[in-house]
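Participant: dropping the sequence and predicted coords here.
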Amino acid sequence: MHQFQYTRAADIDTALRLFTTQGTGPPPRFLAGGTTLVDLMKLDVETPAHIIDINGLGLNDIEVLPDGRTRIGALVRNADLARDERIVTRYPVLSQALLSGASAQLRNMATTGGNLLQRTRCVYFRDRAARCNKRDPGSGCDAIGGHNRNLAILGTSEHCIASNPSDMNVALMALDATVHVQSPDGKRDIALRDFYLLPGDTPQRETVLLPDELITHVSLPASAAGERSCYVKLRDRASYEFALVSAAVVLQVRDAYIQNASIALGGVGTRPWRCPSAEAELTGQAPSATIYEQAAQSALQGAVAQSENGFKIELARRCLIHTLSTALPLQ
Amino acid sequence: MSLSMHVPQPPHPNPGRPTIPPEIPPDNPPEIPPDGPPDTPPGEPPITPPHEPPTDPPREPPTQPPQSPETDQPEVDLPPAESPVRHQVSQRGISTAFRVNGVRHALTLDPRATLLDTLRESLQLTGTKKGCDHGQCGACTVHVDGKRVNACLVLAVTLHGKDVTTIEGLGNAESLHALQAAFVEHDGYQCGYCTAGQIMSAAALLHEPCGDSDDEVRELMSGNICRCGAYANIVAAIQDVRGKG
């Protein structure tokens, strides 16, 4: 691990002020749960020169706001979020997604804000001996034509096919979450669906977040009465494994018709993958096997298979049908 | 992966160097003041109180004093800021103070040092094992403030004011924790390398929401890999202690 300067920040202003006094050189990095950053620092994939420990900032609360939204502090641990009674009741898809991820130990450590920025598990990204445009822009991509069984089929480019590994982000995407950030210049809110970038020819840029912006909260819209949601994760092992394919669905049903549908897929996209065309197939329809199949077909349109991961297209299609049928069973 | 026990260390410490790296911007001092309390014995590294001094004893305090010759009496009760320093790592680094198995340690650490390496190399608590060193095997599982974590992914300097419990704090040969006794009874190990992590994980599970079934125990124990494959007996041992066998 490379040497770095370490600073404990007691409050947000202190944490952000370090950027304005930093001068030239690489910007400091925030350390929260450490489950991604410390791991990658051990591999010398991440080599920050300055770490700002933000674990003392507070940001540990889950609040239901007067307008019905739920606001989650960036440092709320995955385990605490998953087990919170308000989350279990109002947003079961989020609780299910969190509990399907990692291990009990890692869920005690990983934070809400940190998980939004979880890095890919592409083996070439993690191996400094390999070529990787995300880690070393312009060097090439050894995953294309290499060991890519667990990598993306949606949103890829000729420069990068790395999949986003998060479970939480898939549920948050289906829930239309908003990310609240703060920088020395002020605060801004970013809709999660605008938060992640496609790799294109700059796979090193994964989000619209600027280096001096700190995620302070994530908020969820009020859950509607009668909302049905579900998360299904398919993987090589029954537990403690990243998704080959996962699906999060949130359905609002009224008078036996689907009024509104939100669908996101995990394990298949270069970012948590929202599926607007599949949602359109379901909206205003009575649930049926035909409608579910049409939605799933639509969700996978444009999928591109690599040398080892073509199976994911059919697996994702079936996963989505299964998830819809679990959230809203057919009579 | 190497199983090397190497701890990242800066060049040989110069005793004359300050304990806080000088490159920290002077207008952004760390929370720990550069000087210890006035009653700090001269010549010792600065000691500062934890941010929020824990007032409760560890959930499962040791029933016997630790066997380590460096720790004559565990400080189970609230350690005041001026409590004696048990261990010192006199190298250039970051000052931090936290409790391990009820004993307060004021340390000056290279910020790269993980909790796992600090336990094993600085505090000689070698019951916690290093397997993958990347949060994938669970061999290094310990409790921080009562919650199980992978010690290999925790930078020790982030633990200021925290309460750490390791396998040495759970029980000992004369007075086994119920889980330790159950692992013996049910033969819940073969080579034993993962066992400390398995037991620490299981000890936390006892206080977590977990259904009655074996499958639910397996799910919540999936972060602890046993290369020998003693899983069936590990589940039996845990269920025995839970009264769900």
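Facilitator: Perfect, I can see it now.
Participant: contacts only, for whichever residue of chain B sits closest to chain A.
Facilitator: Chain A sits closest to B:G223 of chain B, with a gap of 2.4 Å, by CB to the nearest CB. Glycine gets a C-beta too; all of them are placed from N, C-alpha and C. For B:G223, the contacting residues are A:A102, A:S103, A:A104, A:Q105, A:L106, A:Y240, B:G138, B:T141, B:N150, B:S201, by CB atoms under 8 Å, 6 or more residues apart in numbering or on different chains.
Participant: surely A:L328 meets A:R254?
Facilitator: No: counting by CB atoms under 8 Å, A:R254 is not a contact partner of A:L328; they are 11.9 Å apart.
Participant: name the element B:D117 belongs to?
Facilitator: helix B:115-117 (DSSP states H and E).
Participant: how about stretch A:75-91: buried residues?
Facilitator: A:75-84, A:87, A:90-91 (16 or more other CB atoms under 10 Å in any protein chain shown).
Participant: now, which of those residues sits nearest B:H160?
Facilitator: Proximity of these to B:H160 (CB to CB) peaks at A:L75, which lies at 15.6 Å.
Participant: name the element the residue nearest to A:V218 when sequence neighbours are not counted belongs to?
Facilitator: Residue nearest to A:V218 in three dimensions, not counting chain neighbours: A:I72, with 4.8 Å by CB to CB, 6 or more residues apart in numbering or on different chains. If you go by DSSP H and E, A:I72 is part of strand A:70-73.
Participant: how far is the lowest-mean-pLDDT helix or strand in chain A from where the chain is centred?
Facilitator: In chain A, no helix or strand scores lower on mean pLDDT, DSSP states H and E than helix A:12-20, which sits at a mean of 89. Centroid separation for helix A:12-20 versus its chain: 26 Å, with CA atoms, centre = their mean, to the nearest Å.
Participant: in chain A, what residue is nearest chain B?
Facilitator: Closest point on chain A to chain B, by CB to the nearest CB, is A:S103, at 2.4 Å.
Participant: quick one on the thing from earlier: and the buried residues of stretch A:75-91 near chain B, which?
Facilitator: A:A79, A:R83 (CB under 8 Å from any CB of the partner chain).
Participant: hang on, the earlier thing: so what does the closest residue to the residue of chain A closest to chain B other than its chain neighbours have for phi and psi?
Facilitator: Nearest non-adjacent residue to A:S103, counting by CB to CB, 6+ apart: B:G223, 2.4 Å away. Main-chain torsions, B:G223, degrees, to the nearest 10: phi -80, psi 0.
Participant: measure B:G223 to A:T47 for me?
Facilitator: According to CB to CB, to the nearest Å, B:G223 stands 27 Å off from A:T47.
Participant: before we move on, the earlier item: alpha carbons of the least confident helix or strand of chain A, as PDB, please.
Facilitator: Output of helix A:12-20 as PDB, limited to C-alpha atoms (Å, rounded to 0.1, in the frame of the first residue of the first chain):
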ATOM      1  CA  ILE A  12     -18.500  18.400   7.000                       C
ATOM      2  CA  ASP A  13     -17.100  21.900   6.800                       C
ATOM      3  CA  THR A  14     -13.700  20.600   8.000                       C
ATOM      4  CA  ALA A  15     -13.700  17.800   5.500                       C
ATOM      5  CA  LEU A  16     -14.500  20.100   2.600                       C
ATOM      6  CA  ARG A  17     -12.100  22.800   3.700                       C
ATOM      7  CA  LEU A  18      -9.200  20.400   3.100                       C
ATOM      8  CA  PHE A  19     -10.000  20.700  -0.600                       C
ATOM      9  CA  THR A  20      -9.700  24.400  -0.700                       C
END
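Participant: tell me the helices and strands packed up against that helix.
Facilitator: In this structure, helix A:12-20 packs against strand A:50-53, strand A:178-183, strand A:214-220, with contacts taken as 3 or more CB pairs under 8 Å, 6 or more residues apart in numbering or on different chains; DSSP states H and E.
Participant: neighbouring strands - and their directions - for the helix or strand just after the first one?
Facilitator: Next along the chain after strand A:50-53, taking DSSP H and E as the criterion, comes strand A:62-64. Applying DSSP bridges to the sheet, strand A:62-64 is found paired with strand A:70-73 (antiparallel).
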